[in-house]
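# Following is a predicted model, sequence given first.
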Amino acid sequence: MRRPSLQGVRGTGTSRLGSIVLAGLALAGAGLLLAPSPALAAPETYNIDPDHTTVGFKVQHFFSKVPGRFNKVEGTVVLDQSDLTKSTVNVSIDAASVDTNEPARDKHLRSDAFFDVAKHPKITFQSTKVRQAGPNKLQVDGNLTIRGTTKPVTLDVDVLGFGPDAWGGHRAGFEARTKINRLDYGVSWNDVIEGGGYILGNDVEITLNVEAVKQKPKPAEAPKKSA
């Protein structure tokens, strides 16, 4: 008896197998297309920790630079860790908290000759744009307001890191630097040195070392009981 050829059977089996595989891949592909994509990281709000944040400055006094700081600062940093250029910064400084380790000088700085804290109690910074300047480096453009005058400035920022702290929270750390001319903000007091020159320089170097703590989510409100 003549044995039947297997060519057609094999061809048919291969064709069916290929169809099944292709159908399976198509279904899997459809499933992947229909599956929801992972949610992007939402921006997170960090509150500036005033106990671990310093706002310092230096200005030339005669032939050296005298340092000072502001002891009271508050604000928020809204961070998008997936894209730091989408982040925002708002800082408020108590001008009366100026501290140069010399009470008489600090009193002078609080007067209308300098910060005029009675009329302008706050120094503020609000970001307008964040740019990536390199690995862990940002440039933050914003508006700085001193003595009621607002001018644009750019902060050069080092991103120091993010992570858990020792109290069950989550922190972020930054160091920022900029330089301003105090005359641009109406802080113009000076005095002439005998023989020429002035007591104070006009350029002010500013450095901010910032620790901020991520806000914890607010607890959900209990449903109200109906009467």
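Okay, I see it.

# rest of the way, CA atoms for contacts and neighbours
Will do.

# so who does P67 touch?
Contacts for P67 (C-alpha atoms under 8 Å, 6 or more residues apart in numbering) come out as 56-59, 100.

# I'd like to know how far it sits from D80.
Remark: distance between P67 and D80 (C-alpha to C-alpha, to the nearest Å) = 33 Å.

# Number of residues surrounding I123?
21 (other C-alpha atoms under 10 Å).

# coming back round to it: when you check the contacts of P67 against the strands, which ones overlap?
56-59 (DSSP state E).

# T85: which of these is nearest?
G56 (25.1 Å; C-alpha to C-alpha).

# Skipping adjacent residues, who's closest to that closest one in space?
R69 (4.1 Å; C-alpha to C-alpha, 6 or more residues apart in numbering).

# Following the chain past the helix or strand that contains that neighbour, name the next helix or strand.
Following DSSP states H and E, the helix or strand that holds R69 is strand 64-70. Following strand 64-70 in sequence order, the next helix or strand is strand 73-79 (DSSP H and E).

# quick one: strands adjacent to that following strand?
strand 44-48 (antiparallel), strand 88-94 (antiparallel) (DSSP bridges).

# possible to save those as a markdown table with mean pLDDT and distance to R105?
A markdown table is the format used below for the strands paired with strand 73-79 (pLDDT from 0 to 100; distance: least, C-alpha to C-alpha, whole Å):
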| stretch | mean pLDDT | distance to R105 |
| --- | --- | --- |
| strand 44-48 | 97 | 28 |
| strand 88-94 | 98 | 17 |
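
# could you dump those to a markdown table with distance to T124 and mean neighbour count?
Shown next, in a markdown table, are the strands paired with strand 73-79 (distance: least, C-alpha to C-alpha, whole Å; neighbours: other C-alpha atoms under 10 Å):
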| stretch | distance to T124 | mean neighbour count |
| --- | --- | --- |
| strand 44-48 | 14 | 19 |
| strand 88-94 | 5 | 19 |
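
# For G173, which of these is the nearest?
Of the strands paired with strand 73-79, nearest to G173 by C-alpha to C-alpha is strand 44-48, at 9.7 Å.

# In this structure A176 contacts E211, no?
No: if you go by C-alpha atoms under 8 Å, A176 and E211 don't touch, sitting 11.5 Å apart.

# measure L183 to V117 for me?
Taking C-alpha to C-alpha, one finds L183 at 17 Å from V117.

# Okay, helices next: where are they in the protein?
Ranges of helices in the chain, per DSSP state H, are 7-34, 103-110.

# got JSON lines for the strands paired with strand 73-79, with distance to N136 too?
Formatted as JSON lines, the strands paired with strand 73-79 follow (distance: least, C-alpha to C-alpha, whole Å):
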{"stretch": "strand 44-48", "distance to N136": "18"}
{"stretch": "strand 88-94", "distance to N136": "16"}
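
# For G161, which of those strands is the nearest?
Smallest distance to G161 across the strands paired with strand 73-79 (C-alpha to C-alpha): 13.2 Å, for strand 44-48.

# Can you list the neighbours in contact with that closest one?
73-80, 171-172, 210-215.

# Kindly format the C-alpha coordinates of it as CSV.
Only the C-alpha atoms of strand 44-48 are listed here, as CSV (Å, rounded to 0.1, in the frame of the first residue of the first chain):
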residue,chain,number,x,y,z
GLU,A,44,6.2,66.3,46.1
THR,A,45,6.2,69.2,48.5
TYR,A,46,9.1,69.6,50.9
ASN,A,47,9.0,72.1,53.8
ILE,A,48,12.3,73.9,54.6
